[in-house]
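**Student:** this one's structure only:
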C-alpha cells in the first residue's frame, strides 16, 4: 500500500512524497493447469452407437428378405459361398506358386551374392528346413554372440550356425573361426557347430583349428551342392572340418 514520507531539501523547503510498500513473502502464482471442460460422452461412443444401429437395420433387412424370398436368398448364399471358396483356392494356388519359385531360387548359390547378411541368414534357414532340420530359428543381430541360426538336426542334436555372407574374393579367416569356436558350445550349448559362408575359408591354421575343435566349415562349393540337392553334406551331420 502507498504511504507518505516528508523530508527537507537543501534549500530548506519541506516536501512530501508518496511511496509504495513492497509485499513480503512468496508471490502466489496462477496455476497453469487447464481444466478439461465438458466430460460428456466420448466422441467414439456416438460412432459405435451409429454402427450398432446400422447393423441392426441391415440385419432386419436380411431377415425380411429371407422371409419374402427364401429361394432367392438360398441362391445368393450359395453364390457367396462358392465365390469365397473360389477366392480361397486362387489365393492358395498363388501362394503355392510363390513357394515353388522361392524354392527354385534358393537352389541357386548365385542368389546369395546380392544378399545382405540378414537375407543370407534367412536363406540358409530355409535350406535347413528343406533338408529336414526342425525348430529352425533365425536370431542373428546385435548381441547374438555368434549364433545367427539355431536349429535341431534330424537326429535331434542342437545346431548352432554362424553365417558369413561375403564376396567370393573375401575369404573367411582364422580369427572368425576362433571367435565362433569360443561361443558355440560354451555359450549356446551347440552339439553341432557350423560356420557357413558363400565364399571360401583361408587355408592354414583356421582350418586345422576347426578340425581340432570339431567345428563344421561349409564353404561355397559345399553350400552350392547342399542348396541344389537338398541334402546336407555328411560333415554337417557328423565330424567337423571343411567340405
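**Tutor:** Yes, it's here. Bear in mind the structure is a predicted one, so any value in this text is a computation, not a measurement. Residues are numbered from 1 along each chain as shown.
**Student:** which residue ranges of the protein form helices?
**Tutor:** Applying DSSP state H to the chain gives helices spanning 43-68, 70-106, 117-130, 174-184, 205-212, 220-229, 234-237.
**Student:** any weak-confidence spans in the chain?
**Tutor:** Confidence mapping of the chain against pLDDT under 70 gives the ranges 1-43, 73, 93-94, 96-107, 142-143, 235-243.
**Student:** please identify which of the helices of the chain is closest to residue 155.
**Tutor:** Nearest to residue 155, of all those, is helix 234-237, at 7.6 Å by Cβ to Cβ. C-beta here means a position set from N, CA and C on the backbone, and glycine is covered the same way.
**Student:** could I get the helices of the chain in JSON lines, plus columns for distance to residue 151 and mean neighbour count?
**Tutor:** Shown next, in JSON lines, are those (distance: least, Cβ to Cβ, whole Å; neighbours: other Cβ atoms under 10 Å):
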{"stretch": "helix 43-68", "distance to residue 151": "47", "mean neighbour count": "10"}
{"stretch": "helix 70-106", "distance to residue 151": "16", "mean neighbour count": "11"}
{"stretch": "helix 117-130", "distance to residue 151": "5", "mean neighbour count": "19"}
{"stretch": "helix 174-184", "distance to residue 151": "13", "mean neighbour count": "19"}
{"stretch": "helix 205-212", "distance to residue 151": "19", "mean neighbour count": "16"}
{"stretch": "helix 220-229", "distance to residue 151": "14", "mean neighbour count": "17"}
{"stretch": "helix 234-237", "distance to residue 151": "11", "mean neighbour count": "17"}
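**Student:** among those, which is nearest residue 147?
**Tutor:** With Cβ to Cβ as the criterion, residue 147 lies closest to helix 174-184 of the helices of the chain, at 7.3 Å.
**Student:** what's the closest one packed up against?
**Tutor:** Counting contacts by 3 or more Cβ pairs under 8 Å, 6 or more residues apart in numbering; DSSP states H and E, helix 174-184 packs against strand 158-164, strand 192-197, helix 205-212, strand 215-218.
**Student:** surely residue 195 touches residue 218?
**Tutor:** Yes: using Cβ atoms under 8 Å, residue 195 makes contact with residue 218 at a distance of 7.1 Å.
**Student:** which of the two has more neighbours?
**Tutor:** residue 195 (28 against 25; other Cβ atoms under 10 Å).
**Student:** report the contact partners of the more buried one.
**Tutor:** 161, 162, 164, 172, 176, 177, 180, 210, 215, 216, 217, 218 (Cβ atoms under 8 Å, 6 or more residues apart in numbering).
**Student:** how near is it to residue 77?
**Tutor:** For residue 195, the distance to residue 77 equals 59 Å [Cβ to Cβ, to the nearest Å].
**Student:** residue contacts, residue 162?
**Tutor:** Applying Cβ under 8 Å, 6+ apart, the residues contacting residue 162 are 146, 147, 148, 176, 180, 184, 194, 195, 196.
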